[in-house]
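> Here is the input, now give the coordinates:
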Amino acid sequence: MSRIASLVLACCLVGLGCREGAEGGQSPGGVGVVAAASVDSRCPEGKVVATGDRESPEGTLFLAFQAAMGPDDEAGFAAFRALWHPDALTSHVREQIWPRVREHVGKYVAGPGDATYTACRRVDLGGGRIKVFARCDAPEKSDPPTILLSTESGWVIEVMTP
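Numbering: from 1, shown residues only. Reported below is the predicted structural model:
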C-alpha cells in the first residue's frame, strides 16, 4: 500500500513541478526550455535591410516583401514571381507561397508601406546558394528561411518559407 502512496505522491510532485515551470517562463511541458526574452538570441546578426536589388540575397528578399505588401492583383503577383527561379512552378508560388507571404509579411517588415526588415542570419549553402533568415516579430513564429540562388541576372528565390 505504501508503494501506491509513494507513486501518487511522486506523480503529484511532478505535476506541480511542470505547472510551476510553465508559469516561471519555461515551456508548458516543463522541459526547462526558457522562452526567448529578446530577439537578440534568435537574431544573432541583425542586419537591417532597407533597400532592394537583385545584386544581393537580402536585397532580393526585400523586393519579395515589397511585392507582397502591394496589391493582390496580377501585377503584384507578377512582380513577386519575377523574383523566383524560372523553374519554380508558378501555380505553386501563386497558390501556396503568395497568399501566405501576404498574410505574414507584416510580421517581418518595419510597417505598412515599408519593406525594411532584419536579416538575422545568412548561411552559405555552397553552389551559389544562400539561406537568409528574416526576423519575425511574432513570438509564436520562428524566423522564416529563404533560399536564394545567384544567377547571371541576379539573385533569385528557390525556396521560401512564409
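
> And Leu125, how far from Arg102?
Leu125 is 26 Å from Arg102, where distance means CB to CB, to the nearest Å. Quick note: C-beta positions are derived from backbone N, CA and C, even for glycine.

> neighbour-wise, which of the two wins?
With neighbours defined as other CB atoms under 10 Å, Leu125 and Arg102 compare such that Arg102 has more, 18 against 12.

> Can you tell me the SS state at the more buried one?
Three-state call for Arg102 (DSSP: H, G, I helix; E, B strand; the rest coil): helix.

> longest strand in this structure, by residue count?
Ranked by number of residues, the top strand in the chain under DSSP state E is strand 114-126.

> Quick check: buried residues in that strand?
By 16 or more other CB atoms under 10 Å, the buried positions in strand 114-126 come out as Ala115, Thr116, Tyr117, Thr118, Ala119, Cys120, Arg121.

> That one pairs with which strands, and in what direction?
Strands that pair with strand 114-126, judged by DSSP bridges, come out as strand 47-49 (antiparallel), strand 109-111 (antiparallel), strand 129-134 (antiparallel).

> Could you look over the ones you listed and pick the most buried one?
strand 129-134 (a mean of 21; mean count of other CB atoms under 10 Å).

> what's downstream of that strand, the next helix or strand?
strand 145-151 (DSSP states H and E).

> Now do the next helix or strand after that next one and strand 145-151, the angle between them.
Downstream of strand 145-151, the next assigned helix or strand under DSSP H and E is strand 154-160. Interaxial angle of strand 154-160 relative to strand 145-151 (axes from the mean of the first three to the mean of the last three CA atoms, to 10 degrees): 150 degrees.

> Return the set of buried residues in strand 154-160.
Those would be Gly154, Trp155, Val156, Ile157, Glu158, Met160, for strand 154-160 by 16+ other CB under 10 Å.

> Can you say which two of these are spatially most distant?
Gly154 and Met160 (16.2 Å; CB to CB).

> on that earlier part again, just the buried residues of strand 114-126 now: which is nearest Leu149?
Ala119 (16.7 Å).

> Distance-wise, check that closest one relative to Ala75.
Counting by CB to CB, the gap from Ala119 to Ala75 is 27 Å.

> Good, wrapping up.
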